[in-house]
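Predicted model and sequence below, questions to follow.
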There are 2 protein chains.
Amino acid sequence: MAAKFLGWDRITLVLICTRNPLNIGAAARAMSNFGFRDLRVVNPYQVAFREARSAVGATPLLRTAREYDNIAEALADCSLVVGTTAARNRKLGHKLRGLREGARLIRKRLPAGRVAILFGSEKRGLSNDDISYCHWLLRIPTREEHPSMNLAQAVAVCLYELSRETSIAWKAEKAAATAAALDRLATILLETLQTSGYATTAASKTLDHRVRKLIRRTALSDEDAQLWSGMLRQMLWKMRSRDQS
Amino acid sequence: MAAKFLGWDRITLVLICTRNPLNIGAAARAMSNFGFRDLRVVNPYQVAFREARSAVGATPLLRTAREYDNIAEALADCSLVVGTTAARNRKLGHKLRGLREGARLIRKRLPAGRVAILFGSEKRGLSNDDISYCHWLLRIPTREEHPSMNLAQAVAVCLYELSRETSIAWKAEKAAATAAALDRLATILLETLQTSGYATTAASKTLDHRVRKLIRRTALSDEDAQLWSGMLRQMLWKMRSRDQS
């Protein structure tokens, strides 16, 4: 599992002029969740950065975050700089890419050098000056009527998309019931239905089919087929013991 | 663009025992960003819910969020219930799916009925009781060393993944059983088991959970849930009529 994340060391998250300490903390937490390590903050609101660092539960990653006075310094060792934006049409001569396509391109570029992903302040996003440092812009596909995301949530979504390579299915699949187990279940169910008076003997052939189909529609595991059989057997026993008494 | 989101009306986000008003607000904001509309809160920390609703910039969606005292009521009209978890190995007999695969399955199920996605409290996540209402569990693929995400960020990532594919195949599927129909079935099955002597009253709480889970594992259509309920009711009647005679 760890191997999956090794390449992410080449990705740098840059928060510019962030004002809310909770957002800085949450960005760091998301980085830690998805296996990223290099966080840089440019001109943070000083109180916010101090608060975020000293917060209970602050990630170790936040304590190693580097602070810069200007964006040029923060990006000095990066060979690809990608800005994030909620705007659909920015006339800045920058190419705008959707997150999915953008993430793919970023992953492709990792062997070539460090990639920086920039997030602007909560209120104004990236300034034109910030954007002038970017190679292209990235946009999370949000709804036209309400495009602007919460900063910490936007960070999490970007990192999620960047870190996904393949779907990991954590299935612990249970063995499906065999046809034999289903037949046993059908038989006991049918018997229970007849004993209970639900089924009249006249309609039994049709019911036989209906019960068999019903049981097959329910996609039972082997364990569950046995569980149902056991429950029905008990009911059958109860009904019969009353009949004899 | 608007057409893209029509199907998302069938998805319900359920926040259970959320304590932080910022998380409720941010969850609502992410829903609005990605085009979802139906938010339900179960047993929220009252102060948190009031604060979140009255916060400056609260989304209209938050003002229409419905509040419930218990999870069963909140899920009554839902035919698929998916719980979210950070745990990699939960021994609860529930299938655990990665977000990508899970989102695909959820989209597939939308034509059959309403789908609820459950998020537990910030500290403890979903309780075992909450989970017993789920058909399966969803997990965002985070790093083993730091799997637990911030609640609002987890919500955003899930909604992003859900909304990323726009093609929903509106096949004329059979309506899936609603949570209310499954609850009725669970109740009658439980009663039948107790009457038959399969269940002793001592073990009833555990059995209650087991029966609820068993029924949710079987992916019943609304029609089949009614069929099973009818059959069990007949057996129950038979057992009881014998007792009285």
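Nice, thanks for sending it over.

Stretch A:8-27 vs chain B: in contact?
Yes - against chain B, stretch A:8-27 shows contacts by CB under 8 Å from any CB of the partner chain at A:22, A:26. Where you see a C-beta, it was placed from the backbone N, CA and C, and this is true even at glycine.

from the chain's centre, how far out does that stretch sit?
In terms of CA atoms, centre = their mean, to the nearest Å, the gap separating the centre of stretch A:8-27 from the centre of its chain is 19 Å.

tell me the pLDDT at the closest residue in space to A:Ala199 that isn't next to it in sequence?
Distance criterion CB to CB, 6 or more residues apart in numbering or on different chains; nearest residue to A:Ala199, sequence neighbours excluded, is A:Leu193 at 4.3 Å. On pLDDT, A:Leu193 comes in at 88.

Which strands or helices does the host helix or strand of A:Leu193 pack on?
A:Leu193 is part of helix A:179-196 when elements are defined by DSSP states H and E. Applying 3 or more CB pairs under 8 Å, 6 or more residues apart in numbering or on different chains; DSSP states H and E, we find helix A:179-196 packed against helix A:204-217, helix A:222-244, helix B:222-244.

where does chain A dip in pLDDT?
Chain A contains residues with pLDDT under 70 at A:1-7, A:89-92, A:165-176, A:201-205, A:219, A:242-245.

Quick one: residues contacting the most centrally placed residue in chain A.
By CA atoms, centre = their mean, chain A has its centre lying nearest to A:Tyr160, at 6.8 Å. A:Tyr160 sits next to A:34, B:140, B:157, B:160-161 when contact means CB atoms under 8 Å, 6 or more residues apart in numbering or on different chains.

Just send these back as JSON lines, with secondary structure too.
As requested, the contacts of A:Tyr160 are exported to JSON lines (DSSP: H, G, I helix; E, B strand; the rest coil):
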{"residue": "A:Phe34", "secondary structure": "helix"}
{"residue": "B:Ile140", "secondary structure": "coil"}
{"residue": "B:Val157", "secondary structure": "helix"}
{"residue": "B:Tyr160", "secondary structure": "helix"}
{"residue": "B:Glu161", "secondary structure": "helix"}
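
Output these as a markdown table; include the columns distance to A:Leu185.
Shown next, in a markdown table, are the contacts of A:Tyr160 (distance: CB to CB, whole Å):
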| residue | distance to A:Leu185 |
| --- | --- |
| A:Phe34 | 45 |
| B:Ile140 | 37 |
| B:Val157 | 40 |
| B:Tyr160 | 42 |
| B:Glu161 | 37 |
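
which stretches of chain A form helices?
When assigned using DSSP state H, the helices of chain A occupy the ranges A:21-34, A:46-54, A:60-63, A:71-74, A:99-109, A:128-131, A:151-163, A:179-196, A:204-217, A:222-244.

Let me have those helices in TSV, adding distance to B:Met149 as columns.
Compiled in TSV, the helices of chain A are given as follows (distance: least, CB to CB, whole Å):
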stretch	distance to B:Met149
helix A:21-34	5
helix A:46-54	17
helix A:60-63	14
helix A:71-74	26
helix A:99-109	18
helix A:128-131	28
helix A:151-163	7
helix A:179-196	40
helix A:204-217	37
helix A:222-244	32
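
Quick check on the contacts of A:Tyr160: which are buried?
A:34, B:140, B:157, B:160-161 (16 or more other CB atoms under 10 Å in any protein chain shown).

on that earlier part again, can you lay out the helices and strands packed on helix A:179-196 as CSV showing mean neighbour count and distance to A:Glu144?
Converted to CSV, the helices and strands packed on helix A:179-196 look like this (neighbours: other CB atoms under 10 Å in any protein chain shown; distance: least, CB to CB, whole Å):
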stretch, mean neighbour count, distance to A:Glu144
helix A:204-217, 15, 42
helix A:222-244, 17, 46
helix B:222-244, 17, 36
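
number of nearby residues for the residue nearest to A:Ala199?
Neighbour count for A:Leu193, taken as other CB atoms under 10 Å in any protein chain shown: 21.
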